[in-house]
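>>> would you be able to build a 3D model of this:
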Amino acid sequence: MTSDIDGVAVSDRNGSRWNLGEFCGVSGRVCALFFTAQWCPDCREVLPGFVQQYDANFGSDAKTNSGSSLAVIIVPSDNTPEEFVKNQTRFPSSWYSVPFEESHKLKVAFQVCAQKEQSKLKIKERKYGIPTLVVFNRNTTSVKSFQGIQDIHNYGLQKALEIWN
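This next block holds a predicted model:
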């Protein structure tokens, strides 16, 4: 899977950028790709609980995620790049994101997208729709879980992190 995500950028809100494969491989944290969109009712439904769990474990006022054991990376399915930028304020400022223009690479690689994107992306059969949290093994880009949201819902974030480790 590493070759599928090498070359995809990830950035923080300050504009710092990394290669996603390298970022996940050396961050020392569990990396999770959060496939989501503001227009998606299911995404809007799960986001508050996810953010609440994140804040409870890592603090809502964190300026950086570098001290936490989880790096959340947003993969947008918003309608336009401008819509995504406008809606980023709904996520904790310590979360990272994939540029809108590069998000299609991850959607195709993992076969995760909104149903309305499926034909445009030429994905014959989606593994999952949105919202989906794809969790990698620590320091790798091998997938540990496609059910990250469900894991957090069932066990809480702290226990889910233990399972993912």
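>>> who touches the top helix by length along the chain?
Assignment by DSSP state H gives helix 41-58 as the longest helix of the chain. Where contact means C-beta atoms under 8 Å, 6 or more residues apart in numbering, the residues beyond helix 41-58 that reach it are 34, 36-38, 65, 67-68, 70, 72, 90-92, 94, 129-131, 133, 149, 152-153, 156-158, 161. All C-beta atoms are positioned from the backbone trio N, CA, C, and that covers glycine.
>>> how does it look with 10 Å?
32, 34-38, 40, 60-62, 65, 67-70, 72, 77-78, 90-92, 94-95, 114, 129-133, 148-150, 152-153, 156-158, 160-161 (C-beta atoms under 10 Å, 6 or more residues apart in numbering).
>>> what subset of these is buried?
The neighbour-count test (16 or more other C-beta atoms under 10 Å) marks 32, 34-38, 40, 62, 65, 68-70, 72, 77-78, 91-92, 94-95, 114, 129-133, 148-149, 152, 157, 160-161 as buried among those.
>>> in helices, which of those appear?
Using DSSP H, the buried ones among the contacts of helix 41-58 in helices are Gly148, Ile149, Ile152, Leu157, Ala160, Leu161.
>>> re the thing from before, now do the buried residues in the longest helix of the chain.
Cys43, Val46, Leu47, Phe50, Val51, Gln53, Tyr54, Phe58.
>>> stretch 115-130 now?
Neighbour count says stretch 115-130 has Glu117, Gln118, Leu121, Ile123, Arg126, Tyr128, Gly129, Ile130 buried, by 16+ other C-beta under 10 Å.
>>> mind checking the SS state of the first one?
The three-state label for Glu117, taken from DSSP: H, G, I helix; E, B strand; the rest coil, comes out as helix.
>>> that one touches Ile123, doesn't it?
Yes - the pair Glu117 and Ile123 passes the contact test of C-beta atoms under 10 Å, sitting 7.9 Å apart.
>>> overlap of the contact sets of the two?
Common neighbours of Glu117 and Ile123, counting by C-beta under 10 Å, 6+ apart, are His104, Lys107, Val108.
>>> please report how far the last one lies from Val8.
In this structure, Val108 and Val8 are separated by 11 Å, where distance is defined by C-beta to C-beta, to the nearest Å.
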